[in-house]
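Student: Please find the sequence and the predicted model below.
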Amino acid sequence: MSPDEAGSRLRGVRYGRLNLLADRRGSFVEIWRASGLGELGEEEAGLPGARFVQANISTSAPGVLRGLHYHRRQLDYWTVVSGRALVALIDVRPVLADPAARALVETRELAEGETVTIPTGVAHGFLALERLQLLYLVTNEYDGSDELGFAWDDPAVGVPWPRIAETPDGRPILSDRDRSNPTLMELVRGLRLG
């Protein structure tokens, strides 16, 4: 895995590209190596003692949007196995520290063999631009208690999602959960009170 020279303006976010070895027989690619990603220190991961404990594969049809999801105890490492995705990352950390602050938004298209590391405190979502398989490793086993999120189309955040050609109204295909998420400010208010 090689790092992306363009990097990210969001602290702890890293992009990369897998190294595919191919010949006439087929191919081999190493998805993840602990030494390649480096130590998951508190500054990088957003929490102490982070290590990957679960791997998942998500498959999405074109026009499916998953997000915006937010974790307080989980770092994600995503690899696009096949297809293309528009990835949106929203740094919620400044808003949690000061509700008057503005969340930082970064979008990037990722294609097969590209990766992104997403620390805690950075909300994330993706739009499948074509049939998509996304492999992700996480540092917290799923138990539902850290599955937070906010509206994919929150105007105060302003993620520049494109119009969806696959749907009659141009809006993405969403899960019930993602369709009913609160605004970012409602989420922050709940976290500060809780």
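Tutor: Alright, I've got the coordinates.
Student: Show me which residues of the longest helix along the chain are buried.
Tutor: Secondary structure of the chain per DSSP state H: the longest helix is helix 184-193. With burial defined by 16 or more other Cβ atoms under 10 Å, the residues of helix 184-193 counted as buried are L184, L187, V188. Every C-beta, even on glycine, is put in place using the N, C-alpha and C of the backbone.
Student: do the same with stretch 108-128
Tutor: Counting neighbours by 16+ other Cβ under 10 Å, one finds that the buried residues in stretch 108-128 are 108, 110, 112-128.
Student: can you check stretch 160-176 too?
Tutor: For stretch 160-176, a neighbour-count test (16+ other Cβ under 10 Å) marks W161, I164, P172, I173, L174 as buried.
Student: what's around the nearest residue to the second one once chain neighbours are set aside, how many residues?
Tutor: Nearest non-adjacent residue to I164, counting by Cβ to Cβ, 6 or more residues apart in numbering: G63, 4.5 Å away. As a burial measure, the neighbour count of G63 was computed by other Cβ atoms under 10 Å and equals 18.
Student: Repeat that for S27.
Tutor: 8.
Student: quick one: the residue of the chain positioned farthest from its centre and D146, what's the gap?
Tutor: Centroid-distance maximum for the chain: R24 at 34.0 Å, with Cα atoms, centre = their mean. Distance, R24 to D146, by Cβ to Cβ, to the nearest Å: 45 Å.
Student: Helices along the chain, start to end?
Tutor: Assigned by DSSP H, the helices in the chain fall at 34-37, 42-45, 93-97, 176-179, 184-193.
Student: out of the ones you listed, which comes closest to R84?
Tutor: Closest to R84 of these is helix 176-179 (Cβ to Cβ; 19.8 Å).
Student: ok so, going back, can you give the contact residues for the longest helix of the chain?
Tutor: 70, 72, 90, 92, 95-96, 99, 103, 123, 148-151, 154, 156-157, 181-182 (Cβ atoms under 8 Å, 6 or more residues apart in numbering).
Student: Out of these, which end up buried?
Tutor: Among the contacts of helix 184-193, those buried by neighbour count (16+ other Cβ under 10 Å) are 70, 90, 92, 95-96, 103, 123, 148-151, 154, 157, 181.
Student: Does the residue nearest to I164 touch D169 like I think?
Tutor: No: counting by Cβ atoms under 8 Å, no contact exists between G63 and D169, whose distance comes to 11.0 Å.
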